[in-house]
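>>> Could you work out the structure for the sequence below:
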Amino acid sequence: MPRTKKINRSRSVLTDPEGAESLDRSCHSKTRDSPRNPKKLQAEPKSKKPRVAVLTAHQHPNRELYFPDPFNNTKKKSRRTHSTSGFTSYNSAIPLVLLQTQQLMASLQEPWLLENGNLKGASKEIRHGRTAHNMSSSSLRKKSDLTLVSKVRCGMLRHLLTNLQEVILGTKLTVLFPAIPLAIAAECYGFGRPWVFGLSLLGLTPLAERVSFLTEQIAYYTGPTVGGLLNATCGNATELIIAIFALWQHKIEVVKYSLLGSILSNLLLVLGTSLFCGGIANLGKEQKYDRRQADVNALLLLLALLCHMLPLLFRISAASVSLTEVPTLQLSRVSSIIMLLAYITYIIFQLVTHRQLFEAQEESEEHGDDLSEETPVIGFWSGIVWLVGMTAVIALLSEFVVGTIEDASESWGLSVSFISIILLPIVGNAAEHAGAVIFAFKNKLDISLGVALGSATQISMFVVPLCVIVAWILGIEMDLNFNLLETGALALSIITTAFTLQDGTSHYLKGLTLLLCYVVIGACFFLSKTPSSHGNAIDLGVKSAAGVIGA
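This is a model prediction of the structure:
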């Protein structure tokens, strides 16, 4: 009579959790027929995936047993021997023990890996519930929310709730989102203007961070070049909308000051903060980036500076300012068309013909796998829809901020020119500012440069000439002639930035230098006290310079 023995269910080890039930049924249904017939000792599972079963019987020494190999799914013969201590040892048990230990460590390590951004080996549901902040309260809340979302039967509703929890609840600044409807209500019901100003600024804070998050998600699908360009485009949409509304109201000075301040803010404040924070996060070593990308942007910025300075020099060199008004306007319009054509060529150069020049360079060996280990948590089109919606809300709140600048000027004792050049660009560039700093902290300096330099290039080569063309269509006389002080500040900022980025490496001292330059320029405009309501505010410096030259 052959002896039979079932495999102990509690000691079964599975290499694949999905086949647990099939292996369990096969282990209980198969019996060992004869100790002399080893072919009947192996239980063949129904699933094609490799299975491993550890036999716990040790009463039968000197018996040959066959075990399925968990690594190549082939039969391996090993002799079982009886030890003096009464326990059974197998020559092939070492891989099984290692596999069992590896599975246990993976199950214990998986939450820690997920919290630190490593999604390898995680399921699709767990990947979709990842947060951007490590071990934060929002991540703990998202885990419970993920369980509730997974119980929703409707696939479309479940997808919408998942995106809501990733975009809205995936940040520590979620508590500031109620300021957005409060700012809209304060504007609609005529509350105090300072309240509208404060609530709008609070509402812009989480929106700026979420725009950087969405841009990073889209960059996984499009690459860092298009991602940085998209971040700059979404941030500059605010300046463009405000400029068009100001042109419609014939506030040409506000348009010029705000756009010039945006260029200075991106070159000195945004880029300086990114380099400084990236250097602090990587203290003791230099961050590397692609110098060719910085060279191309610096070249376009110099071209924009040339187009801005020629109308100013043309008017200064004339004996009478009134005789050069029409030629200056015509020169500005021709220069604007050339700048738009140059910017279109730059887009083709960046995305089509020389795309490899703008792609992020490979990191060093110690940081080479950081970018590859991260994966997007939302889809491409979901990110596009969320990005468009949040950019529209940013533009709306920025319009509220612009409308209440004069009230803030009266209550704070600051000039409107200082707020237009310094404060308004800071608010308008909040999106790309936050995005560039976050990318620099993550040692993705190429994307930070694409955000800061790309935004400055886009404003100087696209937004400013587009405003001149739109004003031409509307019958408004707007030229590229800026005040002598503003044009000089722009020239020095571009030259300083070009020298800072010429060697392809960065540290916190370079960022600190750019920040100090921005502080000095801000102090200069704070003391200038130029009124924005003056009709010839732009021409004051020109007339004084012309008088000096004529003397």
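>>> Could you use CA atoms for every contact and neighbour count after this?
Fine.
>>> which helix in the protein runs the most residues?
helix 193-222 (DSSP state H).
>>> Please work out the average pLDDT along that helix.
Averaging pLDDT along helix 193-222 gives 80.
>>> Tell me the helices and strands packed up against it.
Counting by 3 or more Cα pairs under 8 Å, 6 or more residues apart in numbering; DSSP states H and E, the packing neighbours recorded for helix 193-222 are helix 179-188, helix 224-248, helix 380-403, helix 405-412, helix 430-441.
>>> Identify the residues contacting Thr497.
Leu267, Leu268, Leu514 (Cα atoms under 8 Å, 6 or more residues apart in numbering).
>>> Now flag whichever of those is closest to Leu480.
Closest approach to Leu480 among these (Cα to Cα): Leu267, at 19.5 Å.
>>> Could you check how far that closest one is from Leu230?
The gap separating Leu267 from Leu230 is 18 Å, by Cα to Cα, to the nearest Å.
>>> So between these two, which is more surrounded?
Neighbours were tallied for Leu267 and for Leu230 using other Cα atoms under 10 Å; the higher tally belongs to Leu267 (27 against 24).
>>> Confirm for me that the more buried one is in contact with Ile495.
No. Counting by Cα atoms under 8 Å, Ile495 is not a contact partner of Leu267; they are 10.2 Å apart.
>>> and Leu204, what does it touch?
Counting by Cα under 8 Å, 6+ apart, Leu204 touches Ile180, Ile394, Leu397, Ser398, Val427, Ala430.
>>> Closest one of those to Asp290?
For those, the nearest to Asp290 is Ala430 (24.7 Å; Cα to Cα).
>>> Quick check, pLDDT for the closest one.
With respect to pLDDT, Ala430 scores 69.
>>> Leu387: neighbour count?
When neighbours are defined as other Cα under 10 Å, Leu387 has 23 of them.
>>> Ok, Lys251 next?
Neighbours of Lys251 (other Cα under 10 Å): 16.
>>> distance of it from Tyr257?
Taken as Cα to Cα, the span from Lys251 to Tyr257 is 10 Å.
>>> ok, the contacts of Thr497 vs Leu247, which is closest?
For the contacts of Thr497, the nearest to Leu247 is Leu267 (24.9 Å; Cα to Cα).
>>> before we move on, back to that, among the contacts of Leu204, which one is most surrounded by other residues?
Result: Ile394 is most packed of those (other Cα under 10 Å), 29 neighbours.
>>> how close does that residue sit to Gly278?
26 Å.
>>> Which residue ranges of the stretch 401-550 of the chain form helices?
Listed in chain order, the helices found in the stretch 401-550 of the chain under DSSP state H, counting those that start in this stretch are 405-412, 416-418, 424-428, 430-441, 445-458, 464-473, 484-500, 508-528, 540-550.
>>> Now do the host helix or strand of Leu301: which elements does it pack against?
Using DSSP states H and E, Leu301 sits in helix 291-317. Other elements packing on helix 291-317 under the criterion 3+ Cα pairs under 8 Å, 6+ apart are helix 325-348, helix 445-458, helix 484-500, helix 540-550.
>>> again, only this time at 10 Å
helix 325-348, helix 445-458, helix 464-473, helix 484-500, helix 540-550 (3 or more Cα pairs under 10 Å, 6 or more residues apart in numbering; DSSP states H and E).
>>> Quick check: which of these is nearest to Gly203?
Closest to Gly203 of the helices and strands packed on helix 291-317 is helix 445-458 (Cα to Cα; 21.8 Å).
>>> Now do the closest one against helix 464-473, angle only.
30 degrees (axes from the mean of the first three to the mean of the last three Cα atoms, to 10 degrees).
>>> Leaving aside the residues adjacent along the chain, what's closest to Ser382?
Counting by Cα to Cα, 6 or more residues apart in numbering, Ser382 lies nearest to Asn163, which is 7.7 Å off, once chain neighbours are set aside.
>>> Let me know the helix or strand that that neighbour is in.
Here Asn163 is assigned to helix 155-167, by DSSP H and E.
>>> Then Lys256?
With DSSP H and E as criterion, Lys256 is part of helix 252-264.
>>> and that helix, average pLDDT?
On average, helix 252-264 scores 88.
>>> Tell me the helices and strands packed up against that helix.
Looks like helix 252-264 contacts helix 224-248, helix 416-418, helix 424-428, helix 445-458, helix 464-473, helix 484-500, helix 508-528 (3+ Cα pairs under 10 Å, 6+ apart).
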